[in-house]
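My questions are about this predicted structure, shown below with the sequence.
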Amino acid sequence: MSGKTITEKILAAKSHTDAHAGDVVICPVDCALGTDGSVPMALDYFEAMGGTRVHDAGRIVFALDHYAPAPNRATAQLHQRMRDFAVLHGIELWDVGEGIGHQLIVESGRATPGSLVVGADSHAVTYGAVSCFGTGIGSSDLAAILMCGEIWLRVPESIRVTLTGEFPRGVYAKDGALALARILGADGASYRAIEFHGDHLPLDDRLVFANFTVEMGAKNGIFRHPSLQPDVDARYVRDISIALDQLTPQLALPHQVDQVVPIEQASGTPVHMVYLGTCTGGRVNDFHQARDVLKAGGGPARGVQLVVTPASRTVLTALTNDGTLSDFLAMGAVVITPGCGSCCGTCGSIPADGVNVISTANRNFKGRMGNSNSAIYLASPASCAAAAVRGAIADPREFRP
Amino acid sequence: MTSRARVFGDNINTDYIITSRRKRESIDPQYLRRYLFEELDPNFAATVQPGDVLVAGRNFGCGSAMEVAVTAVVAAGIRAVLASSFSRTYYRNAVNNGLLPLICDTSAIREGDRIDMSALAAEPLPPIMLQIIEAGGLVPYFRQHGRFPRL
């Protein structure tokens, strides 16, 4: 038998088996996140399963992030049901305004190297940035965890992605993630783990790469850690290398995440709404990069709606304290409650018919932001800011902060 | 016993199966089934019949992990989905709700074809997944067993 990848090592340790790719294992989870997009249904499943007490409430956390603040009575009622359940069972709940659950899992330290943290939301893959096995599950899985603390998992094969070099000026982790999506395609990592070897990257960059792995179908995306290395004879189904220093700004065209082109190919396409936020691009550095380009370019063009949604209250507080928020307000930005915001059309600013949006998010499916008659382009915060300045897609390297 | 094929293409994401906007109105599968595939085929919900099978190409159910994309399908009386590949979260949710996800070559299947499910050459499912599907999903499985098996 060959050695183990990082993912095989974690799942073997958690399941107390000699797990290799292809095996199905039952593992206890270290932590499970549920959101207002998934918990209400999980509670229905839990009750239908005959559940009365939660197996280990300390390992569960709820986030009210998808409908923040509640846009209608139905979602307000779902929120209240979650709060009541959390109080009854002693579950930690991150209420409206605290931010996106995935961001809070990382900020709070609930995801640690070698741990197994699941989230009833596909972007739970983000936790791989801190060398945790993080994967998205459904509401029924969450209900089963409430019942018994465990989950079934098929151990995935791994794709090794080696990231070398430093980003050139004007190029960021988002461009690297988009480039990877172009290489792999929207299902190029289906059922598989992506194991990143790029230890020199700072946490913010690792979060972007790990977050994006689900857009290629991956089960999880995970970075190495000094305490968590693959065996030298670990088996990989594919090897990919990306020289970050050779990258240029990238752009995903509507309506597929893997329709990625160098940004200059779409230069001049009119843009009406610019969205800065989400679990991909809503952290402090993202807003700094966008602000710098916006300032260098003299602010957004007339007629461009600039929407800002910090990923968490901690991010919002930092942006407030360092003056970034004032800069955005002075430029006429709409500031939305920390959370998922407009990303999936559940709350926040919905684009009108015919509107072209450029966004720091991870998805551009038709109708994703709540209107199937709008089109979504995905790019780095700097590229989004450059588009705001021009009122059209533009290369951020043309603006020297 | 044959089933009528309802055919879709590659990369059908969960928002196409049921738009997340509808979730804001209700998460009741009997309500959501009325809006199945509304972005792709506005006539689908009115013409789907119990016993139909969904047929798709690559990466069916990609995108969000939202489980209503399975429960709304089950509520329409669909018992199986055939695809050349699935998004893993859709596959999980299907198993956990007793919807049979079958990986097979779907390239020759056309809209309205009658498919003999017993004659399909599909990839076998691991025993634990079959047990959950045969129980009718995780809810009946847990009502019966209360926990997962020791493997």
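Cool, got the structure.

What is the distance between stretch A:30-46 and the centre of its chain?
Centroid displacement of stretch A:30-46 relative to its chain, using C-alpha atoms, centre = their mean, to the nearest Å, is 18 Å.

what does the average pLDDT come to for that stretch?
Throughout stretch A:30-46, pLDDT has a mean value of 96.

Now do the end-to-end distance for that stretch.
Using C-alpha to C-alpha, to the nearest Å, one end of stretch A:30-46 lies 19 Å from the other.

Show me which residues of that stretch are buried.
A:30-46 (16 or more other C-beta atoms under 10 Å in any protein chain shown). In this view, the C-beta of every residue, glycine as well, is placed from N, C-alpha and C.

Where does A:Asp205 sit, in terms of helix or strand?
helix A:203-212 (DSSP states H and E).

Determine how far that helix lies from the middle of the whole chain.
With C-alpha atoms, centre = their mean as the basis, helix A:203-212 stands 8 Å off its chain's centre.

domain ranges for chain A?
With domains defined by automatic domain parsing, chain A comprises A:24-154, A:264-398.

re the thing from before, can you narrow the buried residues of stretch A:30-46 to ones near chain B?
By C-beta under 8 Å from any C-beta of the partner chain, the members of the buried residues of stretch A:30-46 lying near chain B are A:37-38, A:40-41, A:44-45.

Include secondary structure when you put those into CSV, please.
Formatted as CSV, those follow (DSSP: H, G, I helix; E, B strand; the rest coil):
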residue, secondary structure
A:Gly37, coil
A:Ser38, coil
A:Pro40, helix
A:Met41, helix
A:Asp44, helix
A:Tyr45, helix
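
Pass me the low-pLDDT residue ranges in chain B, would you?
The model of chain B has no residue with pLDDT under 70.

Break down it into its helices, ranges please.
Listed in chain order, the helices of chain B (DSSP state H) span residues B:14-17, B:20-23, B:29-32, B:44-47, B:68-75, B:88-96, B:127-135, B:138-145.

any idea which of these is most buried?
Counting by mean count of other C-beta atoms under 10 Å in any protein chain shown, helix B:88-96 has the highest mean neighbour count of these, with a mean of 28.

which outside residues touch that one?
For helix B:88-96, contacts defined as C-beta atoms under 8 Å, 6 or more residues apart in numbering or on different chains pick out A:122, A:136-138, A:140-141, A:144, A:190-191, A:217, A:219, B:14, B:60-62, B:64-65, B:67, B:69-70, B:81, B:86, B:99-101, B:125, B:129, B:132-133, B:137-138.

give me that answer again for 6 Å
By C-beta atoms under 6 Å, 6 or more residues apart in numbering or on different chains, the residues outside helix B:88-96 that reach it are A:122, A:136, A:138, A:140, A:191, A:219, B:61, B:65, B:67, B:70, B:101, B:129, B:132-133, B:137-138.

swap in stretch A:188-197?
By C-beta under 6 Å, 6+ apart, the residues outside stretch A:188-197 that reach it are A:5-7, A:156-162, A:209, A:213, A:216-224, B:85, B:88.

measure that stretch end to end?
18 Å.

Residue numbers of the stretch 301-401 of chain A in contact with chain B?
A:344-345, A:365, A:367, A:370, A:372 (C-beta under 6 Å from any C-beta of the partner chain).

ok, 7 Å please
Residues of the stretch 301-401 of chain A lying near chain B by C-beta under 7 Å from any C-beta of the partner chain: A:344-346, A:363, A:365-368, A:370, A:372.

Generate a ChimeraX selection restricted to the buried entries among these.
Only the buried members of these enter the following ChimeraX selection, criterion being 16+ other C-beta under 10 Å:
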select /A:344,345,346,363,365,366,367,368,370,372
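
And the residue nearest the centre of chain B?
Central residue of chain B (C-alpha atoms, centre = their mean): B:Val81, 4.7 Å from the mean position.

Kindly list the longest strand within chain B.
strand B:2-7 (DSSP state E).

hmm, who's touching it?
Strand B:2-7 has contacts (C-beta atoms under 7 Å, 6 or more residues apart in numbering or on different chains) with B:48-49, B:51-55, B:109-117.

which of those residues count as buried?
B:48, B:52-55, B:109, B:115, B:117.

Pipe these into TSV and attach distance to A:Cys132 per row.
Putting the buried ones among the contacts of strand B:2-7 into TSV (distance: C-beta to C-beta, whole Å) gives the following:
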residue	distance to A:Cys132
B:Val48	40
B:Asp52	41
B:Val53	38
B:Leu54	34
B:Val55	37
B:Ile109	40
B:Ile115	42
B:Met117	40
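
hang on, the earlier thing: mind putting the residues of the stretch 301-401 of chain A next to chain B into a markdown table with secondary structure, distance to A:Lys174 and pLDDT?
Output for those, formatted as a markdown table (DSSP: H, G, I helix; E, B strand; the rest coil; distance: C-beta to C-beta, whole Å; pLDDT from 0 to 100):
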| residue | secondary structure | distance to A:Lys174 | pLDDT |
| --- | --- | --- | --- |
| A:Cys344 | coil | 18 | 89 |
| A:Gly345 | coil | 21 | 87 |
| A:Thr346 | coil | 22 | 86 |
| A:Arg363 | coil | 13 | 94 |
| A:Phe365 | coil | 18 | 90 |
| A:Lys366 | coil | 21 | 87 |
| A:Gly367 | coil | 22 | 86 |
| A:Arg368 | coil | 17 | 89 |
| A:Gly370 | coil | 22 | 89 |
| A:Ser372 | coil | 25 | 88 |
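
Cool, thanks, signing off.
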